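Enquirer: Any chance you can model this:
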Amino acid sequence: MENTFDRTVKYTAILLALAAVTQSIYTALYVSEAEVPRQLLWGTEAILFTLMAAVAGSALVQTKRYHLAWSAITAAAVLNVVQVGVGLTMFGPFFEAAGEVEAFAPAAGAVVAFSFMVYNAAKVLLAIALIVLGLARLRAGSKALGGVSALVGIVAFISNALSMAMGRDFSGELPIAGGSGVLATVLLAVCLFTLPAEE
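Expert: Numbers count the residues shown, from 1 in each chain. Reported below is the predicted structural model:
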């Protein structure tokens with residue numbers, strides 16, 4: 001089966017949509033204080049982002065336009081694999097050690113902070129991709145999708161950049177960075193699904 005550019009675009013869109021679903025499920029369970037199957041959800045995300053890095057990287061070398069968007073998606077996928085990997089492999093041991101030896105608490109906190117730094121960096125990159133493709137949809141005449149995508153992309157970019165620079169508590173209890181980042185991921189998938197052939 002020939003791996004055409006159009007097919008690669010659709011594969012990337014599907015992977016982005018599935019990643020947004022897993023992140024939404026995790027957030028909903030966490031907020032409702034229900035049992036969160038972290039290994040299952042984060043393990044699934046690790047697979048999705050690993051595949052996305054390969055597929056989006058392929059699109060990057062195939063595309064004739066929007067190189068910035070494709071490079072941002074590829075880099076975001078790689079960073080997400082790192083972020084999920086930190087959560088899966090390091091959260092447990094560090095928090096277990098912190099529970100037994102109080103002196104380990106700062107180290108456990110540092111691991112979480114690093115994980116969120118990488119998470120926000122990945123969301124900044126996806127926001128850049130959404131801004132590029134949202135403006136492209138706007139120029140192509142899709143005012144609703146293009147306008148909303150560009151606006152959400154800007155909000156996601158600013159909020160996640162501020163989270164990187166000032167710490168993830170900059171907005172208090174409001175989940176602006178995470179929420180706008182997940183919405184940006186969904187809209188990015190929609191933009192890719194509606195991208196005209198060979199763009």
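
Enquirer: what separates the most centrally placed residue in the chain from Gly178, distance-wise?
Expert: The chain has Lys123 as the residue nearest its centroid, 4.7 Å off, counting by CA atoms, centre = their mean. Lys123 is 8 Å from Gly178, where distance means CB to CB, to the nearest Å. Every residue, glycine included, has its C-beta placed from N, CA and C.

Enquirer: returning to what we had before: identify the residues contacting the residue nearest to the centre of the chain.
Expert: Residues in contact with Lys123, defined by CB atoms under 8 Å, 6 or more residues apart in numbering, are 76, 156, 160, 177-178, 180-181, 184.

Enquirer: and of those, the nearest to Thr8?
Expert: The nearest member of the contacts of Lys123 to Thr8, counting by CB to CB, is Ala76 at 16.2 Å.

Enquirer: which strands and helices sit next to whatever helix or strand that closest one lives in?
Expert: Element membership for Ala76 (DSSP states H and E) is helix 67-100. Helices and strands touching helix 67-100, by 3 or more CB pairs under 8 Å, 6 or more residues apart in numbering; DSSP states H and E, are helix 5-31, helix 38-62, helix 105-139.

Enquirer: In this structure Val55 contacts Lys10, no?
Expert: No. Assessed by CB atoms under 8 Å, Val55 is found out of contact with Lys10, at 9.7 Å.

Enquirer: sorry, back to before: name only those of the contacts of Lys123 that count as buried.
Expert: For these, a neighbour count by 16 or more other CB atoms under 10 Å gives the buried set as 76, 156, 160, 177-178, 180-181, 184.

Enquirer: Need the residues you listed in a markdown table (columns: distance to Phe91 and pLDDT).
Expert: Listed next are the buried ones among the contacts of Lys123 as a markdown table, based on distance: CB to CB, whole Å; pLDDT from 0 to 100:
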| residue | distance to Phe91 | pLDDT |
| --- | --- | --- |
| Ala76 | 21 | 98 |
| Ala156 | 25 | 96 |
| Asn160 | 21 | 94 |
| Ala177 | 19 | 87 |
| Gly178 | 17 | 86 |
| Ser180 | 24 | 92 |
| Gly181 | 20 | 93 |
| Ala184 | 25 | 96 |
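
Enquirer: Can you tell me which of the residues you listed is nearest Ser115?
Expert: Out of these, the member with the shortest distance to Ser115 (by CB to CB) is Gly178, at 12.6 Å.

Enquirer: Tell me who's in contact with that closest one.
Expert: 27, 123.

Enquirer: Could I get the helices and strands packed on helix 67-100 in CSV, plus columns for distance to Ala72?
Expert: Formatted as CSV, the helices and strands packed on helix 67-100 follow (distance: least, CB to CB, whole Å):
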stretch, distance to Ala72
helix 5-31, 12
helix 38-62, 9
helix 105-139, 4
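
Enquirer: Tell me which of the ones you listed is the most buried.
Expert: Most buried of the helices and strands packed on helix 67-100 by mean neighbour count (mean count of other CB atoms under 10 Å) is helix 105-139; its value is a mean of 20.

Enquirer: Next, report how far it is displaced from the centre of its chain.
Expert: 6 Å (CA atoms, centre = their mean, to the nearest Å).
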